[in-house]
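A.B. asks: coordinates for the following, if possible.
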Amino acid sequence: MAKRKPEQHKSSGTKLYIVWYSMLGRCYTKSSTRYEYYGAKGVTVCEEWRNSFLAFKKFALENGYKEGLQIDRIDNNKGYSPDNCRFITHKENNNNRTNHFYVDIGNHEVYTLSQLSEKTGINRMTLYSRIKTAKTVKELLRPVQKYTRKIKG
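C.D. replies: Residues are numbered from 1 along each chain as shown. Okay, the predicted model is just below:
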C-alpha cells in the first residue's frame, strides 16, 4: 500500500486550524482534558474532516466562520459533520451547555442564568446563589440591595 502524502495547507497555528485540531483532540486523544465529554461519550468527527484540514476549512469558510466564532454541534447526540455543525459566538455556545440551570419565569419564558442576568441586570452569581433558596420568581428577581459601610477613623 502506498504511503499517503501529508496534506499541504500552510495553516498550522491559525485560529481555524486550532479549532480543527482541538475538535480532533477532544474526540480521539484520551489524554485530552475534554475527552471524557466527547470521545468517551462516542462523539466522532466525520471521515472527510478527520482526514483533511482543507476539507474542514472549505466548509468553515463557506458556512460563516470568522475569527472569534466557535464550532457547535446542532444536535449534541451526533458527531462533528457538515450537516450537524455551525459556527457561533462563545456566548451562544455557553448557553448550549448541558450543565446549565434553566429558569422558567412564567409566560413561556425560560432562560439560562447568563441570559436572565443579561435581561434583568442582576449579576449571574447573585442569581446562582439565590436560586437555591428563592421560593418564587419575585424573590429570585428582587432588586439587589446596595449596602454602604461606615468605616471608623
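A.B. asks: what residue ranges in this structure score low on pLDDT?
C.D. replies: 1-10, 95-101, 153 (pLDDT under 70).
A.B. asks: of all residues in it, which one is nearest the centre?
C.D. replies: By C-alpha atoms, centre = their mean, the mean C-alpha position of the chain lies nearest to N93, the distance being 3.2 Å.
A.B. asks: next SSE downstream of the helix or strand that residue falls within?
C.D. replies: Assigning secondary structure by DSSP states H and E places N93 in helix 90-94. Next along the chain after helix 90-94, taking DSSP H and E as the criterion, comes strand 102-104.
A.B. asks: now do the buried residues in that following strand.
C.D. replies: Buried positions in strand 102-104, judged by neighbour count with 16 or more other C-beta atoms under 10 Å: V103. Backbone N, C-alpha and C define where each C-beta goes, glycine included.
A.B. asks: quick one: strands adjacent to the helix or strand following that strand?
C.D. replies: Using DSSP H and E, the helix or strand that follows strand 102-104 towards the C-terminus is strand 110-112. Next to strand 110-112 in the sheet, as set by DSSP bridges, lie strand 102-104 (antiparallel).
A.B. asks: give the contact list for I122.
C.D. replies: By C-beta atoms under 8 Å, 6 or more residues apart in numbering, I122 lies in contact with 116, 141, 144.
A.B. asks: what sits against the last one?
C.D. replies: When you say that, I think you mean V144. Contact analysis of V144 by C-beta under 8 Å, 6+ apart lists 122-123, 126.
A.B. asks: let's see it at 10 Å
C.D. replies: Counting by C-beta atoms under 10 Å, 6 or more residues apart in numbering, V144 touches 120-123, 126, 130.
A.B. asks: ranges for the strands of this protein?
C.D. replies: 70-73, 85-88, 102-104, 110-112 (DSSP state E).
A.B. asks: okay, those in CSV with distance to W49 next?
C.D. replies: Listed next are the strands of the chain as CSV, based on distance: least, C-beta to C-beta, whole Å:
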stretch, distance to W49
strand 70-73, 10
strand 85-88, 9
strand 102-104, 32
strand 110-112, 29
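A.B. asks: who's V110 bridged to?
C.D. replies: Listed beta-bridge partners, V110: D104 (assigned using DSSP bridges).
A.B. asks: now do stretch 129-148: distance from first to last residue.
C.D. replies: End-to-end distance for stretch 129-148: 21 Å, by C-alpha to C-alpha, to the nearest Å.
A.B. asks: fine by me, we can end here.
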